[in-house]
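Peer 1: Sequence and predicted structure below; questions after.
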Amino acid sequence: MADLLIKNGRLLDPAAEIDGRLDILIRGGRVETFGAHLAAVGAKIIDARGLLVVPGLIDVHLHLMTGLGAFGADPDVFGVGSGVTTVVDAGSTGHSLFPIFRRHIAEPARTRVLAYVNLSTLGSVAGPGYSTLEDPRLIDEAKIEAAVEKHRDMIVGIKVMATGAALGKAGLEPLRRARRLGDNLHLPLLVHIGESWSNTADPPPVVNVLAYLKPGDIVTHMFTMHRGGLLDANGELWPEVLDAAAAGVMFDVGHGLHNFNFEVAQRVLDQGLTPDGVSTDGHRGNRAGPVYDLPTTMAKLLALGFGIEDVVHMTTVRAAKLLGRSDLGSIRVGAEADLSVLRLEEREWQARDSQAGTLAARQALVPVMAIRGESVYEALALDRP
C-alpha cells in the first residue's frame, strides 16, 4: 500500500475554513496530515500545481441502475470517472429491486453509492411518463419500511414524483402517505417537481406540494421551466417557497435533460433562493450533453455569478448536510482519504441549459482525479464544451 503525497495544490475545504497552498499526506489510505512543504520518503508524489484539491465532491441526484431503460448509468462514470467520490441514486428502484441495486450496482462500484428508495414499487422501471403512483397498491409502506431498516447504511430518503403523470387520479394522496412514511422512518422526502415528461397531465401546484414537506426534505429541479415549478405566471417565486426554505426545506439543482433553465435560474437566484445541492440528475441520456458531469454543472453556476468557494461549499458541506451524512464533506485527519482534484480554467465558453439556451462563461471546471483511500482514479476522457 503506497503512501501518497499531494503537493503544491490549492487546498479548498469550506467546512474547515481552509483555502491555501497546502500539501496532504495520505498513509494507509488515511489522511495523516496536511500543511506547507510536507515531505515523505517513499511516498508517491502527486503534483497538484495549478489544481484545486477539495473534499470529495458529492453528486446528490443521479440515475444509476446500470442497464435499466435508456437512463441507468454506471456509477463510476459520473462518480470517480468525473472526479466525484460520492453519488446518490434518486429512486431508480423501489423496495423490491433495492437488494439487486445494492448487490450488483452499488457494492461493485469504486465510487461511494448512496440511494433514495422510490415510493412506488415500480421505481423507474416503467419510466417517468407513467402513473407509477396512481394505483394505491403500488405504495407498500410495510415493505418500504423493511427495505429501509435492512439498508439504512445506504438509503438516505424516499423519492416522490410530484408530477401529474406519476400521480394520475391519486392526486396528492401519495404525498400524504410519503409524509407519514418519512416521519415513521425518520427519513427525508426527495420530491421531483416540473412536468417535463407529459404535455397533457396537470401537475399539482408547488404550493400544494410544499404543504407536505418539513425541514430536511428536499425539492429537486429548482430551476425547471416546466409547469409545477417554483415560479408563478409572472416569474415570481411563490411566497410559500421562501417560507419553506426559511423553515429548513432544501432545494437541489437537479440539472438533467429537461430541468435546468438559465432564465429561470437567474430569476430564482435574484429573488434570494440558492441551492443546497448541486446535482447533475445524470444518466446515460445526458452524459454527452447538456449535463456532462458535476464539475461542468458547477461551472454553470460560476457563470450564473457564484464564486468557486460557493460551488465547492454546495457540493461538499451543504451536500453532506442535505444527505444527513456528517462523515462526508470535509477533509479530516485520521479519516479515509476522500478527495477530488479539479482544474479551474480561465477561458471563455458557451454554457448550455436543458433547452439549448446559452450563457457566456469565463471559467470552466474540469475533473482531474478522485482519490478514495489509497486508490487514485483519473477522470475519464469526455468532449466537454
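Peer 2: Looks like it came in fine. Numbers count the residues shown, from 1 in each chain.
Peer 1: Give me the phi and psi for Phe78.
Peer 2: Main-chain dihedrals, Phe78, degrees, to the nearest 10: phi -80, psi -10.
Peer 1: Can you pull the domain assignment for the chain?
Peer 2: Here the domain parsing of the chain from automatic domain parsing is 4-54+332-378, 58-323.
Peer 1: Which of the ones you listed has the highest mean neighbour count?
Peer 2: Ranked by mean neighbour count under mean count of other Cβ atoms under 10 Å, the domains of the chain are led by domain 58-323, which reaches a mean of 21. C-betas here are computed from N, CA, C, even on glycine.
Peer 1: sec struct for Leu301, please.
Peer 2: The three-state assignment at Leu301 reads helix, by DSSP: H, G, I helix; E, B strand; the rest coil.
Peer 1: Isn't it up against Gly277?
Peer 2: No. The criterion here is Cβ atoms under 8 Å, and Leu301 misses it with Gly277 at 11.5 Å.
Peer 1: Indicate which one of the domains of the chain is closest to Arg384.
Peer 2: Closest approach to Arg384 among these (Cβ to Cβ): domain 58-323, 5.2 Å.
Peer 1: What's the end-to-end length of the closest one?
Peer 2: 10 Å (Cα to Cα, to the nearest Å).
Peer 1: before we move on, what about stretch 19-37?
Peer 2: Stretch 19-37 has an end-to-end distance of 15 Å (criterion: Cα to Cα).
Peer 1: residues making contact with it?
Peer 2: Residues outside stretch 19-37 that contact it (Cβ atoms under 8 Å, 6 or more residues apart in numbering): 1, 3-13, 38, 40, 43, 53, 309, 331-337, 339, 371, 373-375.
Peer 1: thinking again about what came up before, between Leu301 and Gly277, what contacts are shared?
Peer 2: Common neighbours of Leu301 and Gly277 are listed as 253, 314 (criterion: Cβ under 8 Å, 6+ apart).
Peer 1: where does the stretch 201-350 of the chain dip in pLDDT?
Peer 2: Scanning the stretch 201-350 of the chain for pLDDT under 70 picks out nothing.
Peer 1: before we move on, back to that, in helices, which of the contacts of stretch 19-37 fall?
Peer 2: Using DSSP state H, Glu309 are the members of the contacts of stretch 19-37 that sit in helices.
Peer 1: Just the ones of the contacts of stretch 19-37 in strands?
Peer 2: Counting by DSSP state E, the part of the contacts of stretch 19-37 found in strands is 4-7, 10-13, 53, 339, 371, 375.
Peer 1: Relative to Thr111, which of the residues you listed is nearest.
Peer 2: Using Cβ to Cβ, Ser375 comes nearest to Thr111 of the ones in strands among the contacts of stretch 19-37, at 10.8 Å.
Peer 1: Look up how far Val264 lies from that closest one.
Peer 2: According to Cβ to Cβ, to the nearest Å, Ser375 stands 39 Å off from Val264.
Peer 1: quick one: secondary structure of Leu342?
Peer 2: Three-state assignment for Leu342 (three-state DSSP): strand.
Peer 1: Name the nearest residue to it, sequence neighbours excluded.
Peer 2: Residue nearest to Leu342 in three dimensions, not counting chain neighbours: Leu52, with 4.5 Å by Cβ to Cβ, 6 or more residues apart in numbering.
Peer 1: same check, this time on Gly157
Peer 2: Nearest non-adjacent residue to Gly157, counting by Cβ to Cβ, 6+ apart: Pro188, 4.4 Å away.
Peer 1: what ranges do the helices span in the protein?
Peer 2: Using DSSP H, helices in the chain cover 75-78, 98-101, 141-150, 164-167, 173-185, 206-210, 239-247, 262-270, 294-303, 308-315, 317-323.
Peer 1: Those helices into TSV, with extra columns for distance to Met222?
Peer 2: Formatted as TSV, the helices of the chain follow (distance: least, Cβ to Cβ, whole Å):
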stretch	distance to Met222
helix 75-78	20
helix 98-101	26
helix 141-150	26
helix 164-167	18
helix 173-185	18
helix 206-210	10
helix 239-247	9
helix 262-270	6
helix 294-303	12
helix 308-315	12
helix 317-323	12
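Peer 1: if I pick Asp310, what's in contact with it?
Peer 2: By Cβ under 8 Å, 6+ apart, Asp310 lies in contact with Leu301.
Peer 1: Please apply the same query to Asp293.
Peer 2: 78, 82-84, 280, 282, 287, 367, 382, 384.
Peer 1: quick one: it from Glu345, how far?
Peer 2: Shown here: Asp293 relative to Glu345, a distance of 14 Å by Cβ to Cβ.
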